[in-house]
Each structure stands twice: as structure tokens, then as C-alpha cells.
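A.B. asks: I'll drop the sequence and a predicted model, then ask my questions.
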Amino acid sequence: MPAPLALPGTGQQVSANGHMLLLRDPGAVLTPEAAWAATDWRALPGAVSAGYTDDTIWLLLEVQRAVDAPEEWVLRFSNAVLDNVRLYRRDGNGQWRVQEAGAAVVRDDWPVDARQVVFPLRLKADTAERWLVRLESKKSMSTELSLWPRAVFDESSRREYLYYGLQFGTYLLLILFHVFFWRMTREAQSGWYLLYVCTSATTEAFTIAIPQQIFDMPNWLSDPILGLSLCMSLAVGTRFSFMQLDLPELFPRLTRALTGMACAMAVAGASLVLRGKYGAGVLTVQYTALPLIVFFVGMASWLAWRGHRSARAFLLIFGIFYAGAVISFLRNMGLLPPNFVTNHAATLGAFVHMMLMSLRLNRRYAGLRRAKDQAQAEAVRAVRALNERLEEQVALRTAALQQEIAWRVTLEAELRTALEVETRTREEQQDFVAMVSHEFHTPLAIINTTAQQIARNPAAAWEKTLQRCQNLREASGRMTALVDEYLSADRMETSAATFRAQSCDPRKLVEAVLAEWPEGRVEALMSGLPAQLQCDPGLLRVALRNLLSNADRHAPQALAIRVLAAGHGDGGLQVTVSNTGDSLPADEIPRLFQKYFRGRIAQHKPGAGLGLYLVQRIAQLHGGNVTLDNAGIDGTISFSLRVPAGASRIPD
């Protein structure tokens, strides 16, 4: 049995290292009496350092208070995340009195509201007591036991909370600063550093159990948060370390491979933590982190030897953090004893690391800003020089461009005219095809049907045969008239010899045209006609005939067509043809004299759409015109043809 732990009268804390016996309890089957009576206790030379274990650990400690020592003491455990800690002391009747605390115990049941497990004690002077301590934890079974006078402990706790308040206040300022910094710059390294600080601060806070104490957080919630934070730190820290060494630009494939491996191991560790295997999950992360630390230190050393500036800064800033992490890992694995240095190495290393890293990022950003300002200044000078050269070139090109614009305007007008001609030609072709399809179909159908009737019944009565022959003649005559009308229009478009001016009697010409119509169909009135008119009688006859044919198609058979022929101007001729009929649609009036155009009213009546076009063309050849005088608003449609005296062919 080790020597009892003497509590001195100096009022200072004392460590239980070297004064304890340790007993392992696989399966947690021992009771306090069974543990007290066990024979396989072994001396514990230092602090408890059993690593990650499923065994329950029993400690036996003998304590004796000096006469001048304080009466009130506390037993404190340095590990703040132990799951369950029980202190067994015998009372005057030899019965075990127990105090219990730990992460798995509701904090309202703790003897002292503190970060870590603390048991209050009232000790008798010059009386040795033997205590049993029972420890359980799925996290690292690594802790140091120390006894503190109650007043000293309270004062130390206040200083400790002040220290942690400053530490995490600094972390909070760092986070807020880099949140605004990242939102302002959207710089990738600043964003990753923000994640890096958040995960590190979360891990540190839950490791020392500050959130658990403040928020009365249960163990089933705090352990997964701590484990997931550790796993996320592996992935984020790996990516951030690569960025600090500029390895994504130097070795992109290696960077992607190792980052992917770290993320995969982080996910594996997180899944183990969430399944309740906290120790296995954390060890997965830590066993992955150690080789990565070796890799980063080796890579940074090699790059620094080759003159890489980022590598030298990396060795200093990350070396402090890596040293603290390795010391903490070795303590958790039981390879180093718990003490002030090993207990706080990771915390101090991370804090110094974060401060240096923040300064480096700020300095880097300041350098980037200076480089950006310098580049902008160079760009401004270059732009100014370029503008001067461009102004000279613009002055030289302006005249050429003006000439080019004038030429293009002329070309545009020519192209527009050509396009209009092409559009009009295409429309005329479409109208012609529609006319042929419509107007030729009916006579052809009559011819075909009549021929079939004659062939099927050659012995039919003579009157029927004569009637059928008459139908054939009328159908063929209709087609001949259509072809002649089209050919007449085509000849006037293509032949220069069409117009033959000569002197003629306009009265006889009009009477000859009127004689072609049945009696009573036309009512004519002629007055003031010139004795002679210089014109092309054949063309003028075609024009008059087309005006009368147009009126005949649209006028009711019971009502006569009205013709007024009179002198016009200085010896010219004006013929006005009027008929009763429906008013013409306003949208069709501008196209009445267009080649092949047939309005909606004329769709079900024979015609090629060339009549009014020929009238207008013949009038133009004579130097005259044809107009629509009345569109049928009052029930009368009226067209007027005017031919000047002494007409001669007007050039196209």
C-alpha cells in the first residue's frame, strides 16, 4: 500500500499521483465490498492513464489531514468528460457513503456545479481515511486526481473561468471577424479558415465541458456533438492545410486523393460515433490524423528547403498546433501521464495556432490588396496609353466608316427595293398558283365529266350530245379566255411593241364594247366625247371590257350595269363603270389592282385576278389612270378609267 496522501496546513493543492492503487473491473461486476476485498490491486505510479477502455477502473486512495490543515477540501478530476465517477467513503458505522457525478449523471445531482467532477469533503484531523473511486467512460480514461482546500479551489475556479472566457471570447471575435471578412471578400481561404476555427472551438469547448455545464446538456447529446466535431475537424483541417501549403496548385492529384481519404475516414469515424461506438470513431480519426501530420510536416520541410515561403510559415504556425495535438493523443492513449502540460497542450497549441493563422491570413489579404492596387494602377496606365492609340485610330477610321456607312445606306436601299420586288413577285406567283388551282379546276372537271358521259353512252339522243358538246366548248372557252388574259398581261410586262397608238373615234370604240353584252344588261350614257382620241384601240377595248366584266361578275343579274362615258380634261376620255354590290373590305382596297389578287367576295366567282391589273396597266401605258371612286359604302361600286388626249406610250 502506498504511503497515505498527507494534506498539509499550507493551504495548497496536492496531487494524488503516487499514492493510489488501481484495479481493473471488466464488465463492471464488482461492488465496493468486492473491490475492497480484491487482491489484485496494483500500485499506480502516476495519474490514471488507461486510454480508451471498456473496463471499469477502481482506485484506492488513503488520505490523512494535518492538524493545521483546513477542514474543508474538494477532490477534483482533471478530465471533464468522464461518464461516471463515484467516491465511496465509510461512515462511523462502517457503511459506504457515495458521491456521484459525471457526464452520464444529471447535473442537478452533482455535489458541486463545476466543469469537471468535483467532490466536496470534510476531513477529520490526524485521521487516515481510505477511499474507493470508481471510474467509467467510453472516452479516454485519462485523468489526474488532486485535492484542493475549498477556498483555494473556489479562487482557482474563478480564475479558470476568466481564462476560458477570454479564450472563447477571442474565438468568438475571430469567428465574427472572419464571417464579415469572408462575406466582404468571398475569399476561399478565409471561408475555410472560418470553418476551421468553428470546428476547433467547438471541439475545445466540449472537451472542457463548458457547454455541458452552461446548458445542462445530457451525455447522449454532448458526446455525439464532440465526436462529430472531431471528425469534421479532420476533413476541414486537411483541406485547409493543403491550401496553406499551396499544394492544390503544386500537386493537384495528390491533394484530391488525400483530401478524399481524409473525408472518407471522417465519415467512417462519424458513423461509428453515431452508432454509439465513440472510442472506435475517435480513434479512427486520430489514427488518420497522425500520418497526415507526419506527411504535412515532411512536405512543408521539403518545400521550405526548396525556398517555398508558405512552407516556412506553415512549419511555425502548424507545428505548434501539431505538437499540442500529438501530446494530447499520447496522453489519451496512456503513453503520457496527465498533468498540466499534457492536459492543456492541445488547448494552448490550438489557441496560439489560431492567433498566428489569423495574423497570417490578414497579412496575406493585405498583400493581395497591395498587389491588386498595383495591378489596377498598371492597368489604368495601360488603358490610358491604349485609349490614346485608339483615339488616333478612331480619327483615322471615322472618315472611312462614314464612307462605308453611306455606301451601305445606298446598298440597303437597293436591297430593300430588290426585296420588295422579290416579295411582290413571290406573292404574284402564289396568287397565280392559287388562281390556276381554282379557276382551271372547274372547266377541267366539266370537260372530264362530259367526255366520260359521251364515252359511256355514244348512242344517246342527239339533243343530249349537242348539249354535252356545248358544255365542252364553254369549258374550253373559259380556259382559253383565262390563258389569253394571262398571256395578255404577260406580254404587256415583257414586250415593248405592245402599245400601238393611233387615232380612233372613242364613241364607236365604247359602243363596240357595249354591244358585246346582252340587251338590258348595260345602261350607257355618253356625253361630250371628243371626236378623235390618240390611243391604242385594242388595248383600250381590253380595258373597257375588263371593267364591264368585273362589274358583271359582282352585280346582281336583275340590276343593270351603269356606264358613263364623257370627255375629260383637254380632249381626253373618262369612262365610269358602276354596279350595285356589297361594299369592299377596307383591308383589300389597297390590293385591288395587284396582279392575281382576288378578294374574299370574288373567291367563289370565276376570274383570274388580272382584270383590274390589266386596266391599270393599260391606263398607265396611255399616260392615264384608273381609280376606285366608290367602295360600296352606299351600295354602289364605281371605277373610273381616264385617258388623256394625244396619248402615247409612257415609258415604264
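C.D. replies: Looks like it arrived, so ask away.

A.B. asks: give me the low-pLDDT residue ranges for the stretch 401-550 of the chain?
C.D. replies: Residue ranges of the stretch 401-550 of the chain with pLDDT under 70: 425, 427-443, 445, 468, 471, 473-498.

A.B. asks: Quick one: residues contacting the closest residue to A125 other than its chain neighbours.
C.D. replies: Closest residue in space to A125, ignoring its immediate chain neighbours: V67 at 4.7 Å, by CB to CB, 6 or more residues apart in numbering. All C-beta spots, glycine's among them, are computed from the backbone N, C-alpha and C. Neighbouring residues of V67 by CB atoms under 8 Å, 6 or more residues apart in numbering: G9, A125, D126.

A.B. asks: give me the number of residues near the second one?
C.D. replies: Meaning A125. The number of residues packed around A125, counting by other CB atoms under 10 Å, is 13.

A.B. asks: That one and P70 touch, don't they?
C.D. replies: No - checked against CB atoms under 8 Å, the pair A125 and P70 is beyond contact range at 10.1 Å.

A.B. asks: What degree of burial does the nearest residue to D109 once chain neighbours are set aside show, as a neighbour count?
C.D. replies: In this structure, D109 finds its nearest non-sequential neighbour in E100, 7.0 Å apart by CB to CB, 6+ apart. E100: 17 surrounding residues under other CB under 10 Å.

A.B. asks: From the contact counts, what lies against the host helix or strand of E100?
C.D. replies: For E100, the host element (DSSP states H and E) is strand 96-101. Strand 96-101 sits against helix 32-37, strand 84-90, strand 118-122, with contacts defined as 3 or more CB pairs under 8 Å, 6 or more residues apart in numbering; DSSP states H and E.

A.B. asks: now the angle between strand 118-122 and that strand, please.
C.D. replies: Strand 96-101 and strand 118-122 are oriented at 140 degrees to each other (axes from the mean of the first three to the mean of the last three CA atoms, to 10 degrees).

A.B. asks: What mean pLDDT does strand 96-101 get?
C.D. replies: Here strand 96-101 scores 95 as its mean pLDDT.

A.B. asks: Provide the strand pairings for that strand, with the direction of each partner.
C.D. replies: Strand 96-101 sits in its sheet next to strand 84-90 (antiparallel), going by DSSP bridges.

A.B. asks: next helix or strand past the lowest-mean-pLDDT helix or strand in the chain?
C.D. replies: Using mean pLDDT, DSSP states H and E, helix 462-494 stands out as the lowest-scoring helix or strand of the chain, at a mean of 63. Counting by DSSP H and E, the element after helix 462-494 in chain order, helix or strand, is strand 502-504.

A.B. asks: what helices or strands is that next one leaning on?
C.D. replies: strand 533-535, helix 537-554.

A.B. asks: and the direction of the host helix or strand of Y161 versus that of strand 118-122, what angle?
C.D. replies: Following DSSP H and E, one finds Y161 within helix 150-185. Angle of helix 150-185 versus strand 118-122, following the same axes, to 10 degrees, is 160 degrees.

A.B. asks: C-terminal to helix 150-185, what's the next element?
C.D. replies: Past helix 150-185, the next helix or strand by DSSP H and E is helix 188-207.

A.B. asks: neighbouring contacts of that following helix?
C.D. replies: 80-81, 168, 171, 174-175, 178-179, 181-182, 211-212, 222, 225-226, 229-230, 232-233, 236-237, 239-240, 243-244, 346-347, 350, 354, 357-358, 361, 364-365.

A.B. asks: can you state the direction angle for it and helix 150-185?
C.D. replies: Counting by the same axes, to 10 degrees, helix 188-207 lies at 160 degrees to helix 150-185.

A.B. asks: Buried residues, whichever helix or strand comes after helix 188-207. List them.
C.D. replies: In the C-terminal direction, the helix or strand that comes right after helix 188-207 (DSSP H and E) is helix 210-214. Neighbour-count burial for helix 210-214, counted by 16 or more other CB atoms under 10 Å, picks out I210, P211, Q212, Q213.

A.B. asks: Looking at these, which is nearest P644?
C.D. replies: Closest approach between these and P644, by CB to CB: P211, at 109.3 Å.

A.B. asks: How about the residue nearest to D109: which residues does it bridge to?
C.D. replies: Beta-bridge partners of E100, as defined by DSSP bridges: R86.
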